[in-house]
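Visitor: fold the following.
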Amino acid sequence: MTLNSIRVLLQIIYASSFASVYSAVTAPLGQPAPLAPATTSYVFNITVAQRAPDCFAKGVLVVNGEMNPPVEVVQGNTLEVVVYNNIPEDWPLMSEGITIHWHGFDMKGVQWYDGVGYLTQCPIPSGANFTYRFQVMEEPGTYFWHGHAGMEKVDSLFGPLIVLPPPGAPAIAQYDDERTLLLTDNYHGEATLLAAALNRPFDPDKITNTSGSFNWVGVPQSILLNGHGFYGDCALLDGGNFLVDPKCNVTRQWVPPGRSSVLPYNAPSNPGCSRYNMTVEAGKTYRIRMINAGSLVFYTVCFAGHNVTIVAADSFPVTPLSVSCVDINLGQRYDVLLEANQPAGNYWINVLATNTTRMGAPGGYGVLRYAGANETLPADPIMQPDSVPMWGLETFEAITLPEAFLNASTIPQGTVLPVNETTLVPPNRTHILHVTFSTVLLPSGQIRWAMNNVATYGTPSCTPTLAQLQADPGFLAREALQSKQGNSTNVDMVQSGDAERVTMYLDDGSPTPSYPVAGQEYMQLKLGDVVEVVLQNNAAWLNEDADYSDGGLGCNRTLREEHPFHMHGHHFWVLGHGIGVYNETANRTSLNVVNPPYRDSFTIFKNGWSVIRFKADNPGVWMMHCHVDWHMFMGQKMYFSVEPETAPQPPSDLPQCPSDCLYNFGPFTPDYVEDKWGDSGYAA
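Guide: Residues are numbered from 1 along each chain as shown. As a prediction, this is how the structure comes out:
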């Protein structure tokens, strides 16, 4: 019995617990039809274990002893996940505990379970447990779950999250079976300790004997396909140089346990590792659910000898588009159809970075194996990193909504729409927000990623922000007005307590700070507002103030980076992309306001701009942030406050907050790291 057949059988079993099938009930606008939910339950026992996904043994976070386990739930069912935090207290975490975020879920009516540490809940501390329990009313499709309190996602706390259609719902496409392709980049160091060095002074004048100095994390050591990779595939330069592409040479299907001369490092023994193989049957069509759960690399995925057809982007259907390779950025998901129509044999699955996304990153290589073929590596050469160009703008613009979703009389039953909308045609905007990216230097000498000159820090106080704003609706406007009087914020502490005042900046038409600041950036919205956001990605200039403007630090800094952005609590329409500086008059006519894709993650290209639009139909406080984990840690995020006082009251069993919380902009000197985690044996 195939996996797809098993899923069909499960849906029939689930149907007995529903009041009626989807087509027999009427749904309110913007929501699927209410059904009597069954409960799908999981237990997450989260611990630390030694694993070697690429033949380099290291500590990773596992769930029930497994890396990256999947979660599946039928739309309309209640999802219950009991999370036990059994991570040892001396394991380095940039948070006093963990949370789980359901990436791509809007969480309407269950805002407190969005799982962003200190925004909607305090983390689950070591030795404690917490139960996420909510009805899944999301569009059937491909999502993923991951940690979202500190840097725990980078340490492998993530996995696929699949929402299956209820019985009677129309299929997204015709296919025989399906596979999930979970992609991630793999570092050999613990994420928290890599992040700690990002907080040390970048400004050489601020470096002392005890402070340590800034050190970029570099490119990952390997790329994993469904948890499998091989560190020896690509010859990385020492230190993870990101200016020169490595040369890759795949020679092995697996490495056996024990002492081995083929290991890329000196070790007396190894636990063994194997390359990922995706087995298909000739003549069948497969739905491949592709997920980029990594922390740095924008991938181009090519199935040698096979084109694929994109049928969904971030869970929502798109007009079918045939491509030779798929560009998938961090946080994004694409569902593609692959026809096994080639001669039976073995074909490479190439997962690459291009020179326009992340130079110096290794390639990742799996095998597309036809059933019955010998278990050997493909005879054809692999693709080298930077050997295939990324999509042009015309390909991104060809990803559009299908015609059926643009008319109320044809929209598929149960489609998840914005509240009070009858189609997925974007409504007219009521607000516009311009956001510019830059790197900035704070008075502490730290380099940060800023949006409108504000580098937004995390954990400002040991209280969930949603609870704070719900209890005092005037707090945000009052404190933001006061904070705009200042022009800088000193950032010297590593911890912060409940009494610390939050420095807030409000995007309400008033000028952004003229001097780079550490604080929190918000935009206040009313329910029903339709917001157009123009995101401008310029060169990563450092601020040119009096200390650095005369030929000093940052004057020739022309680094450009692409940024993958994700928004919580809402989906949005991606109206357009461009290169250069956005001009409302010149570029407005190029925007697609007819059938743009409806997504939760998108890309802002180097030296370019992107325009999105969303309807603020979900009360709460929602983050929009770069999904490069290291950029988010360094401040590249902001918040939308949507009438939080109207959100439901918090559950009574939310985790209790600690008296002191780690503050992610603190300097984290080598001495501090050693004092806090040194006894664990992890490198400072």
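
Visitor: which stretches of the stretch 401-550 of the chain form strands?
Guide: 431-441, 447-451, 454-456, 495-497, 504-506, 517-525, 530-537 (DSSP state E, counting those that start in this stretch).

Visitor: ok, which of the ones you listed comes nearest W622?
Guide: Closest approach to W622 among these (CB to CB): strand 517-525, 9.5 Å. Using the backbone N, CA and C atoms, a C-beta is placed for each residue, glycine as well.

Visitor: need the longest strand for the chain.
Guide: strand 39-51 (DSSP state E).

Visitor: re the thing from before, weakest of the strands of the stretch 401-550 of the chain in terms of mean pLDDT?
Guide: If you rank these by mean pLDDT, strand 495-497 sits at the bottom with a mean of 50.

Visitor: about what we covered before: among the strands of the stretch 401-550 of the chain, which comes closest to R478?
Guide: strand 504-506 (9.2 Å).

Visitor: in the closest one, what counts as buried?
Guide: Along strand 504-506, these residues count as buried under the neighbour rule (16 or more other CB atoms under 10 Å): M504, Y505, L506.

Visitor: contacts only, for the nearest residue to P650 once chain neighbours are set aside.
Guide: Closest residue in space to P650, ignoring its immediate chain neighbours: W112 at 5.1 Å, by CB to CB, 6 or more residues apart in numbering. Residues near W112 by CB atoms under 8 Å, 6 or more residues apart in numbering: T120, Q121, L466, P648, P650, P651, L654.

Visitor: T39 now?
Guide: N77, T78, L79, E80.

Visitor: tell me which entries of these lie within strands.
Guide: T78, L79, E80.

Visitor: how near is the first one to G360?
Guide: Distance, T78 to G360, by CB to CB, to the nearest Å: 45 Å.

Visitor: swap in G212?
Guide: In terms of CB to CB, G212 sits 24 Å off from G360.

Visitor: strands paired with the helix or strand encompassing H577, and their directions?
Guide: H577 belongs to strand 572-579 when assigned by DSSP states H and E. If you go by DSSP bridges, strand 572-579 pairs up with strand 598-599 (antiparallel), strand 608-615 (antiparallel).

Visitor: show residues contacting it.
Guide: 393, 396-397, 424, 426, 532-533, 587, 590-593, 596-600, 602-605, 607-614.

Visitor: CA atoms of that strand as PDB?
Guide: The C-alpha trace of strand 572-579 is given here as PDB (Å, rounded to 0.1, in the frame of the first residue of the first chain):
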ATOM      1  CA  PHE A 572      -0.100  38.400   2.100                       C
ATOM      2  CA  TRP A 573      -0.100  39.100  -1.600                       C
ATOM      3  CA  VAL A 574       3.300  39.500  -3.200                       C
ATOM      4  CA  LEU A 575       2.600  42.300  -5.700                       C
ATOM      5  CA  GLY A 576       6.000  42.600  -7.300                       C
ATOM      6  CA  HIS A 577       9.800  42.700  -7.200                       C
ATOM      7  CA  GLY A 578      12.400  45.000  -8.800                       C
ATOM      8  CA  ILE A 579      16.000  46.000  -8.900                       C
END
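
Visitor: what comes up buried for the next helix or strand after it?
Guide: Of the helices and strands lying after strand 572-579 in sequence (DSSP H and E), the nearest is helix 584-587. The neighbour-count check on helix 584-587 (16+ other CB under 10 Å) flags N587 as buried.

Visitor: next one: helix 584-587 to chain centre, how far?
Guide: Relative to its chain's centre, helix 584-587 lies at 31 Å (CA atoms, centre = their mean, to the nearest Å).

Visitor: swap in stretch 525-532?
Guide: On CA atoms, centre = their mean, the centre of stretch 525-532 falls 24 Å from the chain's centre.

Visitor: burial check on G141, number of neighbours?
Guide: G141 has 23 neighbours, counted by other CB atoms under 10 Å.
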